[in-house]
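J.: Got a predicted model here, sequence first, then my questions.
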Amino acid sequence: TIKAFIFDLDGVIVDTAVYHFKAWKKLANTLGFDFTEAQNEQLKGISRIDSLNLILGWGGVEKTAKEVQELATLKNQWYVEMINKMTAQEILPGVQSLLSSLKSAGIKCALGSASKNASLILERTGLTSFFDVIVDGNEVSVSKPNPEVFLKGAQLLQVAPQQCVVFEDALAGIEAAKNADMRVIGIGEESILKNADWVLPNLEGQSAAQILNKLEKSRS
Ligand code: G16
Ligand code: MG
């Protein structure tokens with residue numbers, strides 16, 4: 001039986017992907033090239049440095065390790081300026097009521113994000129207190145699809161991986177959950193998120209009880 005829900009942040013709880021895209025685009029433009037939203041899709045769930053290395057590759061730009069660090073810091077400054085202005089209005093539909101319903105269902109709740117800015121985003125949107133455990137980019141050493149971020153969440157919640165369900169919007173994140181031997185619900189488009197147990201467009205109208213029921217019925 002499922003004892004814990006683990007949520008990705010960007011794209012599941014809030015839509016910060018648009019802020020990441022704006023900041024990366026600005027950085028690419030200052031380096032003299034551009035990249036598309038389709039390329040941006042590949043950056044979802046990927047760490048800051050891994051994202052930057054992909055972008056530099058697309059632009060055919062070579063930089064030293066020190067320059068790469070400086071560029072990552074610059075992008076993050078622009079990104080933090082944007083997320084500092086976030087409010088609870090930017091929480092995606094259905095998130096607050098699903099998080100509230102977890103308590104009454106006796107389900108533990110963790111955040112499993114690649115972002116080093118996760119705590120700031122949860123503070124700005126007033127969601128911090130909903131989470132029993134927060135695992136973010138400051139605690140993990142390898143990017144999704146490595147399962148580290150979700151396994152750490154399970155460990156801190158003191159539940160087995162098989163007792164967890166993950167909510168993810170990124171291909172890399174769905175792979176990470178599968179690699180952790182967890183159930184996974186995709187948030188987004190079914191045509192893109194093929195390996196999820198099932199896919200929802202967003203969390204609107206979803207309660208813990210409903211999800212648990214459906215997981216129980218579709219147990220593989
Ligand atoms: C998020 C985003 C990624 C971003 C990463 C690192 O992951 O999806 O696009 O590159 O965090 O973010 P930061 O630069 O803030 O450390 P997730 O796992 O929450 O979707
Ligand atoms: Mg995400």
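T.: All right, it came through fine. Residues are numbered from 1 along each chain as shown. Ligands and ions are numbered 1, 2, ... in the order given.

J.: CA atoms for contacts and neighbours, from now on please.
T.: Fine.

J.: Pretty sure E175 sits in a helix.
T.: Yes - assessed with DSSP: H, G, I helix; E, B strand; the rest coil, E175 lies in a helix.

J.: number of nearby residues for it?
T.: Number of residues near E175 (other CA atoms under 10 Å) recorded here: 20.

J.: quick one: pLDDT of it?
T.: On pLDDT, E175 comes in at 97.

J.: go on, S220?
T.: 59.

J.: got it, and L156?
T.: What the model reports as pLDDT for L156 is 98.

J.: What of A23?
T.: pLDDT at A23 comes out at 97.

J.: Alongside ligand 2, which residues does this structure contribute?
T.: D10, G11, G45, D169 (CA under 5 Å from the ion).

J.: Lowest-confidence entry in those residues?
T.: G45 (88).

J.: so what's the residue of the chain found nearest ligand 2 closest to, chain neighbours aside?
T.: Closest residue of the chain to ligand 2, CA to the ion: D10 (4.1 Å). Leaving aside its sequence neighbours, D10 sits nearest to T16 (CA to CA, 6 or more residues apart in numbering; 5.4 Å).

J.: What about the one you found, how many residues nearby?
T.: 20.

J.: didn't it look like it was pressed against D8?
T.: No - shown here, T16 and D8 do not form a contact pair, counting by CA atoms under 8 Å, at 11.7 Å.

J.: So is the helix or strand containing I185 next to ligand 1?
T.: Using DSSP states H and E, I185 maps to strand 183-187. No - on the criterion CA under 6 Å from any ligand atom, strand 183-187 is out of touch with ligand 1, staying 11.3 Å away.

J.: C-terminal to that strand, which secondary structure element comes first?
T.: The helix or strand immediately downstream of strand 183-187 is strand 198-200, counting by DSSP H and E.

J.: quick one: buried residues of the one helix or strand in the chain whose mean pLDDT sits lowest?
T.: Among the helical and strand segments of the chain, the one scoring lowest on mean pLDDT, DSSP states H and E is helix 37-41, with a mean of 88. By 16 or more other CA atoms under 10 Å, the buried positions in helix 37-41 come out as N40.

J.: next one: stretch 96-115
T.: Of all the residues in stretch 96-115, those buried under the rule 16+ other CA under 10 Å are 96, 98-99, 101-102, 107-115.

J.: And the contacts of that stretch?
T.: Here stretch 96-115 makes contact (CA atoms under 8 Å, 6 or more residues apart in numbering) with 3-10, 45-48, 130-138, 140, 143-144, 149-150, 153, 157, 203, 206-209.
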